[in-house]
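1. Model the following, please.
(chains A and B)
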Amino acid sequence: MHHEEIVMRWTTLVVITLAMALAACQPQPAEIASGKAMQADTGGSAGGDFGPPQGEPIMAVLTSAPDVPPPVNRDYPAKVIVDMEVRELDLEISEGVTYTFWTFGGSVPGNFIRIRQGDTVEFHLKNHPDSKMPHNIDLHAVTGPGGGATSSFTAPGHESVFSFKALNQGLFVYHCATAPVGMHIANGMYGLILVEPPEGLPPVDKEFYVMQGEFYTVGKYREKGHQPFDMQKAIEENATYVLFNGSEGALVGENAIKASVGDTVRLFVGNGGPNLVSSFHVIGEIFDKVFYEGGTRYQENVQTTLVPAGGSAMTEFRVEVPGTLIIVDHSIFRAFNKGALGMLKVDGDDNLAVYSGKEVDSVYLGDKVIAEELSLVSDVTQAELVGLATKEQRISAGGVLYKGTCSVCHQQDGEGLAGVFPPLANSDYLMADTRRAIEVVLNGLTGPVTVNGSDFNSVMPPMSQLNDDEIANILTFALNSWGNEDGEISSDDVAAVRAATERPKGAAH
Amino acid sequence: MRNFIHSIAVVALLAGIAQNSQASEFVHIPGGEFRSVIPEAAGDNLVAVDGFLLHVAPVTNAEFLRFVMYRPEWQRGGAVSLFVDDQYLSTWAGPISLGPESGPQQPVIQVSWFAANAYCESLSARLPSWYEWEYVAAANESIADARDLPEWRQNILSWYSQTGGDQIADVRSRPANYYQVFDTHKLVWEWVDDFNAFLVSGDNREQGGADQLQFCGAGAISMEQKENYAILMRVAMLSALEAQYTTRNLGFRCARQIEIRQ
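-> Now for the predicted structure:
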């Protein structure tokens, strides 16, 4: 017995020493160029079994995004108990829009799990009694048929237990694989499990958990109320929302992730899909390192990295200057028209040598207005809720929204483009009938109109994705700008028109 | 004799139940052929169903209460633990009282397959087979097989889009279908006699291999008959169950063979 123990310790020591030696052996540039450095490998699953679990079983720390559990910081294989509960919950997907999410642990994405290569995981999957559906879990970190899915198939109000040894290091997606698997994933059933290499990851200042996924709703983008899942749109891969961390507000405003100048930031990035591949990008940063596909190797100096559906990436970068970095899916309409947008706010002192500072807080966002200006909008929304929105608040909030939504065609000065887009400045057409103006914004306008004596014949798409408040603010702004004199439109006015007019057929069916 | 003290109260209660509840009616379902989501053999998904009788609505709390009055071995706390899990009838206030959480006209839930089976046997009936249930549930209000209509599918999917913690409606709250049967969808899941015979894997993607039925059951359906997603999810639910399981959204109704006189 004693002898065996010593041999065991020796073996462990040798493995650890080897691992440290490998980690310390920094490849020289010449080796990288010649590809020599690529020959050393981690040994894959064959090199991941460090023997039976040692010590007392450990309860895994599980976190909800954007938080990440602390590093494992352990030099032996352990038995780790993961206790995860499946909940089906109505949560906000966008302001004023709810959706029934199916979740691992009560939020989307599911709880982050962090273990060490060689650990034995005892997985407890509990399906809450209020669930309507059976659920299971397929962890891409599992070596074995189904990734645990068949062993964890759990009816509502019941619990399944299964075990696996994490043989491969890396950042892995897990997801529900119950029929129909696409719908379970589309409803938010995915998350990440990090299997640290034996020596752990190099320390950084900040770690965050960001996971993309897209959602298919019967109603259009930002159409208010409770939105059911739309199977047809999912089959057609026609996403209504593309989101980070399961909600349009998950990583913006007060929920933005935060760092300080000089910090090295590590993002654990996952993509649940179910369909779309992410072009993951942080506006205003360059990834110093990307462990692409969540694997062992890294690429350096990367602008945008692909994160496949059911895949991951680990990105690291040092933040050099203060300001707001915008996290996007650079398949860019998703960012501006489907919600794939998050923020990393960096505080600290300016470094004018690195960046002039001229536009430190003003990131270019195309047709979307910047964060600080959006606070004007949320102020008036707040005031509207308590019935205190003033005309001045409406005008300033409306100006911000106008810039984001309307100015592309009608121009910032309201003059439009001669012969193509009618003017709003000094506009007889606009001022003649405010109810008609509301209808035009809600339903769009196609066909000939005469404005200030000039004829126009083009198409304005319906802007019904704007809520009543937003439309009221935009129109109040227009009625009081560029020589237009006076007028105020309330949310109730817009609501009345919206209720009275038949909605054009949109994506909903 | 052991329930002697209760018996007066019981009699009064039973009288009340008899007045409140519509007696468990059966309706005649004519036989026929239909396309099942779980074909009997690969490539041939036409299934023949003989005529049978079916409860017009799921069994209610009131009806099940009456049953356990007469059959104390099926009362909560009295039932053998092999046949029920520890949540059996847990929404009731007590072994023989419904309480405010469980309305008399709501479908009974938290019942095991064994308990449901015993209930049906007490009516000289049985649980419907999956094919019988699926055949009847293919109908909408006006036609026998409405499964190709997008509205039919979206209607069912919209039920899945509501969380399960809400109050369950009374039976017969919505219009009956083509067969004069109520609540096949959008109320509760229902036990069927052969719930564990689907051979559908818990893993949606397991296809081919040794078991051909798994391929047909899980793979082919989800890929080729997308309008049947709604039904496929019911199959997934049933295949997650063990016979002693009970859940908060699972009830049942009974079927009866038509006697053929020689």
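
2. all contacts plus neighbour counts: C-alpha atoms, from now on.
-> Fine.

3. Which residue ranges of chain B form strands?
-> Applying DSSP state E to chain B gives strands spanning B:26-29, B:32-35, B:46-49, B:52-55, B:189-190, B:250-251, B:255-257.

4. Extract the CA atoms of the second one and return them as CSV.
-> These are the backbone C-alpha positions of strand B:32-35, laid out as CSV (Å, rounded to 0.1, in the frame of the first residue of the first chain):
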residue,chain,number,x,y,z
GLY,B,32,-59.9,4.5,-39.2
GLU,B,33,-56.4,4.9,-40.6
PHE,B,34,-54.0,7.8,-40.0
ARG,B,35,-50.4,8.8,-40.3
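
5. Of all the residues in it, which ones are buried?
-> B:Phe34, B:Arg35 (16 or more other C-alpha atoms under 10 Å in any protein chain shown).

6. Contact residues of chain A facing chain B?
-> Taking C-alpha under 8 Å from any C-alpha of the partner chain as the contact definition, chain A meets chain B at A:88-90, A:99-100, A:129-134, A:136, A:146, A:149-150, A:153-157, A:177-181, A:228-230.

7. Just to be sure, A:Asp288 is in a helix?
-> No - the assignment for A:Asp288, made by DSSP: H, G, I helix; E, B strand; the rest coil, is strand rather than a helix.

8. Count the neighbours of A:Pro134 for me.
-> 27 (other C-alpha atoms under 10 Å in any protein chain shown).

9. ok, it touching B:Ala240?
-> Yes - between A:Pro134 and B:Ala240 there is a contact under C-alpha atoms under 8 Å: 6.2 Å.

10. what residues are shared contacts of the two?
-> The overlap between the contact sets of A:Pro134 and B:Ala240 (C-alpha atoms under 8 Å, 6 or more residues apart in numbering or on different chains) consists of A:Phe153, A:Thr154, A:Ala155.

11. Give the full set of residues in contact with the residue nearest to the spatial centre of chain B.
-> Central residue of chain B (C-alpha atoms, centre = their mean): B:Glu190, 2.0 Å from the mean position. By C-alpha under 8 Å, 6+ apart, the contact list for B:Glu190 reads B:Pro58, B:Leu250, B:Gly251, B:Phe252, B:Arg253.

12. my guess is the last one meets B:Val59, correct?
-> Yes - when contacts are counted by C-alpha under 8 Å, B:Arg253 is listed as touching B:Val59 (5.4 Å).

13. Which one's more surrounded, these two?
-> The neighbour comparison of B:Arg253 against B:Val59 (other C-alpha under 10 Å) goes to B:Arg253, with 28 against 25.

14. So which residues of chain A form helices?
-> Here chain A has its helices, by DSSP state H, at A:2-24, A:29-34, A:181-186, A:231-235, A:333-337, A:371-385, A:391-405, A:407-410, A:428-432, A:434-443, A:468-479, A:491-500.

15. Count the residues that sit near residue 102.
-> Just going to use chain A. Neighbour tally, A:Trp102, other C-alpha under 10 Å: 31.

16. please go with chain B instead
-> 22.

17. contacting residues for it?
-> If you count contacts by C-alpha under 8 Å, 6+ apart, then B:Ser102 has B:Asn61, B:Thr91, B:Trp92 around it.

18. redo that, cut-off 10 Å
-> Going by C-alpha atoms under 10 Å, 6 or more residues apart in numbering or on different chains, B:Ser102 touches B:Thr60, B:Asn61, B:Ala62, B:Leu89, B:Thr91, B:Trp92, B:Ala93, B:Val108, B:Ile109, B:Gln167, B:Ile168, B:Asp170.

19. go on, A:Met183?
-> A:Met183 touches A:102, A:176-177, A:189, A:215-216, A:229-231, A:234-235, A:274, B:229, B:233, counting by C-alpha under 10 Å, 6+ apart.

20. Any quick ChimeraX command for the buried ones out of those?
-> Selection of buried members from the contacts of A:Met183 for ChimeraX, criterion 16+ other C-alpha under 10 Å:
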select /A:102,176,177,189,215,216,229,230,231,234,274 /B:229,233
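
21. Show me which of the contacts of A:Met183 is closest to A:Ser64.
-> A:Met189 (13.2 Å; C-alpha to C-alpha).

22. residues in contact with the closest one?
-> A:86-88, A:101-105, A:107-110, A:135-137, A:174-177, A:181-183, A:213, A:272, A:274.

23. hmm, try it at 6 Å
-> A:Trp102, A:Thr103, A:His175, A:Cys176 (C-alpha atoms under 6 Å, 6 or more residues apart in numbering or on different chains).

24. what about residue 117, how many neighbours?
-> Using chain A. A:Gln117 has 28 neighbouring residues, counting by other C-alpha under 10 Å.

25. if you could check chain B rather than the one you did, that'd help
-> Neighbour tally, B:Asn117, other C-alpha under 10 Å: 21.

26. Chain A: which of the contacts of B:Glu190 is nearest?
-> B:Leu250 (8.8 Å; C-alpha to the nearest C-alpha).

27. Nearest spatial neighbour of that closest one, chain-adjacent residues omitted?
-> B:Trp189 (4.5 Å; C-alpha to C-alpha, 6 or more residues apart in numbering or on different chains).

28. And for A:Gln54, the neighbour number?
-> 12.

29. any idea of the pLDDT on it?
-> At A:Gln54, the model reports a pLDDT of 96.

30. Provide a list of residues in contact with it.
-> With C-alpha under 6 Å, 6+ apart, A:Gln54 has these contacts: A:Pro77, A:Ala78.

31. What does it show for phi and psi?
-> Backbone torsions for A:Gln54, taken as degrees, to the nearest 10, come to phi -120, psi 160.

32. Identify the farthest-apart pair in the contacts of A:Met189.
-> Most distant of these, by C-alpha to C-alpha, are A:Trp102 and A:His175, 10.9 Å apart.

33. So which of the contacts of B:Glu190 is the closest to A:Arg114?
-> Taking these together and measuring to A:Arg114 by C-alpha to C-alpha, the closest member is B:Leu250, at 36.0 Å.

34. list the contacts for the closest one?
-> B:Leu250 neighbours (C-alpha under 6 Å, 6+ apart): B:Ile109, B:Val188, B:Trp189, B:Glu190.

35. how about those residues in JSON lines, adding pLDDT and distance to A:Leu401?
-> Rendered in JSON lines, the data for the contacts of B:Leu250 read as follows (pLDDT from 0 to 100; distance: C-alpha to C-alpha, whole Å):
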{"residue": "B:Ile109", "pLDDT": "95", "distance to A:Leu401": "51"}
{"residue": "B:Val188", "pLDDT": "93", "distance to A:Leu401": "45"}
{"residue": "B:Trp189", "pLDDT": "94", "distance to A:Leu401": "47"}
{"residue": "B:Glu190", "pLDDT": "96", "distance to A:Leu401": "51"}
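
36. Output these in JSON lines; the columns should cover distance to A:Gly284.
-> Below are these laid out as JSON lines (distance: C-alpha to C-alpha, whole Å):
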{"residue": "B:Ile109", "distance to A:Gly284": "56"}
{"residue": "B:Val188", "distance to A:Gly284": "52"}
{"residue": "B:Trp189", "distance to A:Gly284": "52"}
{"residue": "B:Glu190", "distance to A:Gly284": "55"}
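
37. Run through chain A and note the low-pLDDT ranges.
-> A:1-39, A:357-388, A:503-509 (pLDDT under 70).

38. Who wins on neighbours among the shared contacts of A:Pro134 and B:Ala240?
-> Most surrounded of the shared contacts of A:Pro134 and B:Ala240: other C-alpha under 10 Å gives A:Phe153, at 30 neighbours.

39. Leaving out sequence neighbours, find the closest residue to it.
-> Per C-alpha to C-alpha, 6+ apart, closest to A:Phe153 is A:Asn136, 4.4 Å.

40. likewise B:Gln244?
-> Closest residue to B:Gln244 apart from its sequence neighbours, by C-alpha to C-alpha, 6+ apart: B:Val84 at 4.3 Å.
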